[in-house]
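Chemist: I'll drop the sequence and a predicted model, then ask my questions.
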Amino acid sequence: MKTATKTALTIAGFDPSGGAGLQADLKTFSAFGVSGKTVVTSITIQNTMGVEGVHDILPEVVEQQLNAILIDGKLDAIKIGMLGNELIVQLVVRLLRRYRIKKIVVDPVIYSSSGKSLLSASGVQILKKELLPVTFLLTPNLKEAEILSGIKIKKASDRIRAARVLIKMGAKNILIKGGHLKGKPQDFLFDGSRSLCFDADRIPGGEVHGTGCTFASAITACLAKGMDIDSSVKEAKEFIGISIIGSINSGKGLAQVEPMTSLYKNAERYSMSQRVLRAVDILKDCCIGGLIPEVQSNIGFGLENALTIGDVIGFPARIVKCGESIIIPSPPCFGGSRHVADIVLTVMQFDSSKRAVMNIKYNADLIKVCRSLKFSLASFDRAKEPKKIRSLEGSSLEWGTAFSIRKCGFVPDIIYDKGGMQKEEMIRVIADDIESLVEKILKIHRRYLKALT
Ligand code: PXL
């Protein structure tokens, strides 16, 4: 028999576009390995362009759904999102009280991103009066915190006043999300005596639909797994960042957060390491030792949307010349090749479809070979690197790569330089992916061998 995993329930609205509400919540629970259950409170009519209509479910139908789930087994945590109206708020509170569930996260959904009301005015009053006293964590955005507390939040210090009011109303913990304030998005957690701020960098791009639901569900999943509130918020914050970076543009309106991003990324990581291992096996079999420079070679292959060195797989102990062939002293890993990863990340900023790079030795014959293969080439001169950049460790290759691409007008197949003070001259071969990189390397290798004989 399958062992029971942790379970979480979401009580929320249905969004046909799949970006927010129940669907986002369920995906998020799954991404954390938590088994999810869903009770629908309202059917919204919406797509990526906004909410057109709202049809609340009959209160007795919500009650029957909730009862069916509550009698069926233990829930480790509950997330509450859109409730629609006061009758639904009331019955949810009544049932939750009866079952004495402790870990209740309330995302007080009042308006949609497009401004449509998702909770009636009297629903807001009942939420304040009856739902907050059973709430373990309330996760309002700034506007919701203002509406519920009656306090205008203009600056960071207003948050604690609003949070105090909400604690007085009965919620045990308040997390006021700062995503809509100017500057760095900072979330503010308060338990009545202790406060904690969570910082993150603002992710470029416009507004993304479904972030509130996904964030609150991620916290709920962490709480369900037994994590404490601080670690739950921290982990959920990381998760929502990754899910925003992976957001999907599937319609004519807003992009939608993608809670599966971290799972997709991990699956991609696994398949990439397999592909890279296969690639070096081929390079080994083809005895490309003659292409390896004094400082040895490395390969970098970036995840789709790679942003940091940790998103680029490479060989921590490089690819080492061993006579005519090569050896791999240690297996590839993400974050394993700083220099080549710097090149991959820079290339990807110009053309995200070019994700693989390998450095090979430079000589005039090899440049001739690359030209004869009709590869596009660009070069940079290390002596021309601005002093300011040279003093920054690790930035030379980024500068040289960006310089070459700008000069060329596109990402070429080859970027080379003739070295500098204690820097060996080098050729970097650039390709879409690891397989086409191997193809290019082997073309160079074969023609180079021919040229030598
Ligand atoms: O993001 C708030 C929200 C929550 N739940 C549902 C929604 C929306 C916003 O549109 O549709 C169902």
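Modeler: That came in fine, so what should we check first?
Chemist: And for residue 374, the neighbour number?
Modeler: 7 (other Cβ atoms under 10 Å). Where C-beta positions appear, they are placed from N, C-alpha and C, glycine not excepted.
Chemist: Please read off the pLDDT at it from the model.
Modeler: Listed pLDDT for residue 374 reads 98.
Chemist: roughly how far apart are it and residue 109?
Modeler: 58 Å (Cβ to Cβ, to the nearest Å).
Chemist: Same question for the longest helix seen in the chain: list its buried residues.
Modeler: Of all the segments of type helix in the chain, defined by DSSP state H, the longest one is helix 261-285. Judged by neighbour count (16 or more other Cβ atoms under 10 Å), helix 261-285 contains these buried residues: 261-263, 265, 269, 272-273, 275-276, 279-280, 283-284.
Chemist: Which SSE is immediately downstream of it?
Modeler: Downstream of helix 261-285, the next assigned helix or strand under DSSP states H and E is strand 299-302.
Chemist: CA-only coordinates of that following strand in PDB, if you can.
Modeler: Presented in PDB, the C-alpha positions along strand 299-302 are these (Å, rounded to 0.1, in the frame of the first residue of the first chain):
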ATOM      1  CA  ILE A 299      31.900  22.500 -21.300                       C
ATOM      2  CA  GLY A 300      29.000  24.700 -20.100                       C
ATOM      3  CA  PHE A 301      25.400  23.900 -20.800                       C
ATOM      4  CA  GLY A 302      22.700  26.100 -19.400                       C
END
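Chemist: what helix or strand is residue 143 on?
Modeler: Using DSSP H and E, residue 143 falls within helix 142-149.
Chemist: continuing past that helix, what's the next helix or strand?
Modeler: helix 158-168.
Chemist: Which other helices and strands does the helix or strand following that next one contact?
Modeler: Beyond helix 158-168 on the C-terminal side, the first helix or strand identified by DSSP H and E is strand 173-176. Of the remaining helices and strands, those touching strand 173-176 by 3 or more Cβ pairs under 8 Å, 6 or more residues apart in numbering; DSSP states H and E are strand 137-138, helix 142-149, helix 158-168, strand 186-190.
Chemist: Please identify the deepest-packed of these.
Modeler: strand 137-138 (a mean of 27; mean count of other Cβ atoms under 10 Å).
Chemist: closest to the ligand out of the helices and strands packed on strand 173-176?
Modeler: helix 142-149 (9.9 Å; Cβ to the nearest ligand atom).
Chemist: Could you dump the helices and strands packed on strand 173-176 into a markdown table with distance to the ligand and mean pLDDT added?
Modeler: Shown next, in a markdown table, are the helices and strands packed on strand 173-176 (distance: least, Cβ to the nearest ligand atom, whole Å; pLDDT from 0 to 100):
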| stretch | distance to the ligand | mean pLDDT |
| --- | --- | --- |
| strand 137-138 | 15 | 98 |
| helix 142-149 | 10 | 97 |
| helix 158-168 | 19 | 96 |
| strand 186-190 | 16 | 95 |
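Chemist: can you put the ones you listed in TSV and add distance to residue 312?
Modeler: Below are those laid out as TSV (distance: least, Cβ to Cβ, whole Å):
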stretch	distance to residue 312
strand 137-138	36
helix 142-149	36
helix 158-168	38
strand 186-190	29
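Chemist: For residue 127, find the nearest of those.
Modeler: Set against residue 127 and scored by Cβ to Cβ, the helices and strands packed on strand 173-176 come closest in helix 142-149, at 7.6 Å.
Chemist: outside of that closest one, which residues touch it?
Modeler: Residues outside helix 142-149 that contact it (Cβ atoms under 8 Å, 6 or more residues apart in numbering) are 108-111, 124, 127-128, 132, 138, 140, 151-153, 159, 161-163, 165-166, 169, 174, 176-178, 180-181.
Chemist: So, low pLDDT: which residues of the stretch 301-450 of the chain?
Modeler: Within the stretch 301-450 of the chain, the segments meeting pLDDT under 70 span 393-394.
Chemist: let me redo that: the stretch 1-150 of the chain
Modeler: Checking the stretch 1-150 of the chain against pLDDT under 70 turns up 1-4.
Chemist: Can you show me the strands along it?
Modeler: Assignment of strands within the stretch 1-150 of the chain using DSSP state E, counting those that start in this stretch yields the ranges 7-14, 35-47, 50-56, 77-80, 104-106, 137-138.
Chemist: Could you identify which of these is most buried?
Modeler: strand 77-80 (a mean of 29).
Chemist: Neighbouring strands of that strand in the sheet, and parallel or not?
Modeler: Sheet pairing of strand 77-80 (DSSP bridges) gives strand 7-14 (parallel), strand 104-106 (parallel).
Chemist: for the residue in the stretch 151-300 of the chain that the ligand sits nearest to, what are its contacts?
Modeler: In the stretch 151-300 of the chain, the residue that lies nearest the ligand is residue 212 (4.7 Å; Cβ to the nearest ligand atom). Residue 212 sits next to 20, 107, 109, 139, 141, 177 when contact means Cβ under 8 Å, 6+ apart.
Chemist: hmm, back to that, mean confidence score for the longest helix of the chain?
Modeler: 96.
Chemist: Summarise which helices and strands it is packed against.
Modeler: With contacts taken as 3+ Cβ pairs under 8 Å, 6+ apart, helix 261-285 sits against helix 21-31, helix 229-245, strand 299-302, strand 312-314, strand 325-327, helix 434-452.
Chemist: thinking again about what came up before, from the contacts of residue 212, which is closest to residue 321?
Modeler: When the contacts of residue 212 are compared against residue 321 (criterion: Cβ to Cβ), the nearest one is residue 177, at 53.4 Å.
Chemist: So that closest one versus residue 108, what's the distance?
Modeler: 11 Å.
Chemist: repeat for residue 403
Modeler: In terms of Cβ to Cβ, residue 403 sits 51 Å off from residue 108.
Chemist: Name the residues of the stretch 101-250 of the chain found near the ligand, please.
Modeler: With the criterion set to Cβ under 6 Å from any ligand atom, the stretch 101-250 of the chain comes near the ligand through 109, 112, 113, 118, 212, 213.
Chemist: Can you add distance to residue 423 and give those back as TSV?
Modeler: Shown next, in TSV, are these (distance: Cβ to Cβ, whole Å):
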residue	distance to residue 423
109	57
112	56
113	51
118	60
212	50
213	51
